[in-house]
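Novice: build me a structure from this.
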Amino acid sequence: LRKRILPTYRGTAARPGMAFLALPAPRPDSPQVPTCYGSPAIPTERRQAWKVPEKSCVERLMEAEAAAEEAAAAEGESEEVDGDRETVSIGKKSDFWDLKQIGDKLQGLEKVDPYGLLELEDRRWRASADELRKSYRRLVLEKHPDKKLSNERSPARAQKEKRGDEKAKAKAAMGKGDGDGDDEEEGEEEEEEEFKLLSAAWELLGDETRRRQYDSIDYFNDSTPSTYRERADDPDRFYRLFGAYFSRQSKFSVHRPVPQLGDADTPLDEVQAFYQFWGNFKSWRDFTLLAEYDVAEAGDREERRWMQRNNKNKVEQMKKAEMKKLFACVQLAEENDPRLLKAKADRAAEKELIRAEKEAVLAAERKAKADAEEAIKAIEDAAAAEAAAIKTAKDGEKAAVKREKEKLRSALKKARKELKALGEQGAKWEAHAADLEVVASGLPTEEIEALTETLAAADGEAGAAALAAALQKVLI
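Specialist: Sure, this is the predicted structure:
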């Protein structure tokens, strides 16, 4: 396509600044009818379902790490019992084995096995000092140059030489007899070198301190479980993983015998004793062979002391780090031990049962107390109600008596007033006003009313007689 400004296009007047597209003419083979092609793009409205694995990548990674830990735990030393003799099967060297650091300190033994030289490779660290001494003495008698010289004169040696001469003749017949002298010299040198290594092995393993330093970095599986995840399909995984670790570490225990992890049927008191032992574990493992400086190369006493201090600090740091890993593994095992977890759950259930029983007893006691208090309150309420009723009745009676008294008092006052009114000025009985006063104050209401009626209705004599009788009654 080309874009250009044309003054006119196909007879159309162009305005200034107008743009036109000039399209090429169709080719002769171009289709005359438009064709609709299918698009290769996936429709957006179609949803694709992805298969999701049953386990996440994190879970698969953790399982792979756990499998690697189990594989590492399975490597290394294993102990077997051959009759009454315990043997040690070796797997791999310790992670601390470093030829650069220990080469000069092992006196040529860094590339050979000292236990193999003493023919105790199947016993190794389990070999007693007496076994080492007996094996060394036996091998010295067999391989000492002076002993070999005496053996050369023995009939057995003569027979051996005879067989050697026959072999030499056969080789000479085949054209290979020129190197016999060199072979004999090489054999003598190898025997002398072997005897020197045997002596070096005894110097190393015969000294208890140096032997422990060597056993600390000898064949040993240093892998330590750092994580644990329970599997429902593998209930024995815990005992397999941690049992192998503690069995290996028991090699370095100062105290003997060393309790083992056991299995699911191990009694709880033994399990608790196991973790108490390993929680206070004392190790004789010594990393002195990995010290940085060789004290023998010190130029003076001050340099020797400086080397000793630095070596001691490094060895102690390595020992501390190793013990920290061990105690972390002990804690990890204790936190995930199925037997302890079950015992803990049983104790929690037992405590919950005891708590529920105590709560039931306390609830019963509270209910009995509440019932007793309610009964007492009911009795007290009834007594209070009865007392209130009695009091109300008494108050009613008192009020009635009071009202009656008030009524009688009013009637008495009224009667006295009416009687006294008969003696007021201008009244009929004015002359006897004093007598009426006395009679009114001394007679009861009924008699006052009767006297008032009598005085009001009677004539002079009758009324005077009634007044005189009432006065006499009052005065008497």
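
Novice: tell me the contacts of the most centrally placed residue in the chain?
Specialist: Nearest to the geometric centre of the chain sits Glu335, at 6.0 Å (Cα atoms, centre = their mean). For Glu335, the contact set (Cβ atoms under 8 Å, 6 or more residues apart in numbering) is empty. No exception for glycine: its C-beta is placed from N, CA and C like everyone else's.

Novice: Ala440 versus Ala411, what's the distance?
Specialist: Remark: distance between Ala411 and Ala440 (Cβ to Cβ, to the nearest Å) = 13 Å.

Novice: would you map the helices across the stretch 101-250 of the chain?
Specialist: Taking DSSP state H, counting those that start in this stretch, the helices of the stretch 101-250 of the chain run over residues 114-117, 129-143, 145-152, 155-173, 180-205, 208-215, 237-249.

Novice: in terms of neighbours, single out the busier of Ala411 and Ala440.
Specialist: Neighbour count, other Cβ atoms under 10 Å: between Ala411 and Ala440, Ala440 has more, with 23 against 14.

Novice: my read: the more buried one touches Lys413, true?
Specialist: No. Under the criterion of Cβ atoms under 8 Å, Ala440 is not in contact with Lys413, lying 9.9 Å apart.

Novice: quick check: phi and psi at Lys253.
Specialist: No, residue 253 isn't Lys; it's Ser. Note on Ser253: its backbone torsions stand at phi -70, psi 130 [degrees, to the nearest 10].

Novice: show me what it is bridged to.
Specialist: Beta-bridge partners recorded for Ser253 (DSSP bridges): Ser283.

Novice: for Ser410, the count of nearby residues, please.
Specialist: 11.

Novice: and the pLDDT at it?
Specialist: On pLDDT, Ser410 comes in at 88.

Novice: and the helix or strand hosting it, how far out from the chain's middle?
Specialist: Using DSSP states H and E, Ser410 maps to helix 338-421. Distance of helix 338-421 from the chain centroid (Cα atoms, centre = their mean, to the nearest Å) equals 54 Å.

Novice: likewise for stretch 105-112?
Specialist: Taking Cα atoms, centre = their mean, one finds stretch 105-112 lying 47 Å from the centre of the chain it belongs to.

Novice: buried residues, that stretch. List them.
Specialist: If you call a residue buried by 16 or more other Cβ atoms under 10 Å, then stretch 105-112 has these buried ones: 105-106, 109-110.

Novice: farthest-separated two in those?
Specialist: Farthest-apart pair in the buried residues of stretch 105-112 is Lys105 and Leu109; separation 9.3 Å (Cβ to Cβ).

Novice: for Gln472, give me its contacts.
Specialist: Contact partners of Gln472, counting by Cβ under 8 Å, 6+ apart, are absent.

Novice: just the buried positions in the strand or helix carrying it, please.
Specialist: Element membership for Gln472 (DSSP H and E) is helix 460-475. Using 16+ other Cβ under 10 Å as the test for burial, helix 460-475 gives 463-464, 466-467, 470-471.
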